[in-house]
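Novice: Structure for the following, please:
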Amino acid sequence: MNEALSYVSSFIYAAVLAGTPLLFGTLGEIITEKAGNLNLGVEGMMYMGAIMGFYAGYVTGSVALSLIAALAAGALGALIYAFLTVTLKANQNVTGLTLTIFGGGFANFIGENLILNSPTKSAVLSDAMKANLKSINIPLLSDIPYIGRMFFQHNIFVYLGIVLAIAAGWYLHHTRKGLNLRAVGENPGAADAAGINVTLYKYVHILAGGGLCGLGGAYIALITCAGTWTYNCVNGQGWIAVALVIFASWSPYKAILGSLVFGALSILRLYIPLNIPTALFSMLPFLVTAVVLVVSSVRMSKEKAQPKGCGVNYFREER
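Specialist: Here you go, the predicted structure:
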């Protein structure tokens, strides 16, 4: 019995770790879509956050500067998207896809140069910084048998992601600015007529969403890849995050559960000793993603639907 509980505890612990970058990406896209913009560049912003967060940590050895750099890089990618779609009224889908291509190329180019210029032909964080990224035990709670290991013995990114998800949910549903944001996403014309600065709200929240995606990328580079720069490290997780937005019904609270579920799917092959090709396990999260999109599109209620103004550029002259 104890062995089974220990096995389950280890599995959930690993699922939380694997789902954390998805949580950041999902939160970022939820905030962006609540502003009425569909940004398919989540993958690209995660790549930008990954390389700049890693680069800052590689050069300075500071976790704080690494987080700031990742946040700024993701926000920069979102700023490019916002300028093109909000100011220049470019097509949101095309712009997002372009941002994904740009972000991936940007990250791999800088990462390759880091590796080539390194005496050891590899880019690895210092031992001191790796030590600062290790798990933080929460007093008393981390000592609870099994439960403590599953939820209270994680690195700073995990705790930060949970706090940001709760804060985002509270902001969207219990503050006036959150109400204004939802109004902008649902009907920007009516929000504009009510005196809400639609352009400002879009810019601020698109950049905030991009910054969150950047943190998700930094997690992959610093934690998932164990502090070693890895080519194509994000590897499709940005696309899973986009689908998770629908799975979570645009709720930051549900995004926590969704990221845990998809995190579990991504590490399932390590815990189920079946004679199944690894490739099948690797494609499982993407297969479930497709199923979620199909089922959600069929069963989506009006209360849990995408904001009505999402994906449609707002022309003030036409209101």
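Novice: who's in contact with Ser296?
Specialist: The neighbours of Ser296, taking C-beta atoms under 8 Å, 6 or more residues apart in numbering as the test, are 246-247. The C-beta positions use only the backbone N, C-alpha and C, and glycine is treated the same way.
Novice: try it again with 10 Å
Specialist: By C-beta atoms under 10 Å, 6 or more residues apart in numbering, the residues touching Ser296 are 243, 245-249, 304-306.
Novice: Lowest pLDDT pick from the residues you listed?
Specialist: The pLDDT minimum for the contacts of Ser296 sits at Lys304, where the score is 68.
Novice: coming back round to it: can you tell me which of the contacts of Ser296 are in helices?
Specialist: Residues of the contacts of Ser296 located in helices (DSSP state H): 243, 245-247.
Novice: So which residues of the stretch 101-250 of the chain form helices?
Specialist: 127-132, 147-151, 156-174, 176-186, 188-193, 198-219, 237-247 (DSSP state H, counting those that start in this stretch).
Novice: Report the buried residues of the longest one.
Specialist: Same thing as helix 198-219. Neighbour-count burial for helix 198-219, counted by 16 or more other C-beta atoms under 10 Å, picks out 198-199, 201-219.
Novice: same check, this time on the shortest one
Specialist: By neighbour count, with 16+ other C-beta under 10 Å as the criterion, the buried positions of helix 147-151 are 148-151.
Novice: by contact count, what packs against it?
Specialist: Contacts of helix 147-151 with other secondary structure elements, assessed using 3 or more C-beta pairs under 10 Å, 6 or more residues apart in numbering; DSSP states H and E, are made with helix 2-34.
Novice: re earlier: which among the helices of the stretch 101-250 of the chain is found nearest to Trp229?
Specialist: Proximity to Trp229 (C-beta to C-beta) singles out helix 198-219 among those, at 11.9 Å.
Novice: Please pick the buried ones from the contacts of Ser296.
Specialist: If you count burial by 16+ other C-beta under 10 Å, the buried members of the contacts of Ser296 come out as 243, 245-249, 306.
Novice: Show me which of these is closest to Val292.
Specialist: When the buried ones among the contacts of Ser296 are compared for distance to Val292 (C-beta to C-beta), Phe247 comes out closest, at 4.9 Å.
Novice: distance of Gly210 from Pro277?
Specialist: With distances taken as C-beta to C-beta, to the nearest Å, Gly210 is found 37 Å from Pro277.
Novice: now do Gly216
Specialist: According to C-beta to C-beta, Gly216 and Pro277 sit 28 Å apart.
Novice: give me the low-pLDDT residue ranges for the protein?
Specialist: Across the chain, the ranges flagged by pLDDT under 70 are 1-2, 273-274, 297-304, 317-319.
Novice: Show me the residue at the heart of it, geometrically.
Specialist: Compute the mean C-alpha point of the chain, and by C-alpha atoms, centre = their mean the closest residue is Gly25, 1.4 Å away.
Novice: Contact partners for that one?
Specialist: 42-43, 45-46, 49, 74, 209, 212-217, 219-220, 234, 237-242, 244-245, 255, 259.
Novice: Any idea how many residues pack against the nearest residue to it once chain neighbours are set aside?
Specialist: Beyond its immediate neighbours in the sequence, the residue positioned closest to Gly25 (C-beta to C-beta, 6 or more residues apart in numbering) is Ala241, lying 3.0 Å away. Applying other C-beta atoms under 10 Å, we find 31 other residues in the vicinity of Ala241.
Novice: swap in Lys308?
Specialist: A count of neighbours around Lys308, defined by other C-beta under 10 Å, yields 13.
Novice: Look up how far Ala190 lies from it.
Specialist: Noted for Lys308: a distance of 11 Å to Ala190, by C-beta to C-beta.
Novice: Thr85 is in contact with Cys310, correct?
Specialist: No - proximity of Cys310 to Thr85 does not meet the contact threshold set by C-beta atoms under 10 Å, at 11.7 Å.
Novice: Find the residues that touch each one of these two.
Specialist: Shared contacts of Cys310 and Thr85, counting by C-beta under 10 Å, 6+ apart, come down to 37-39, 92.
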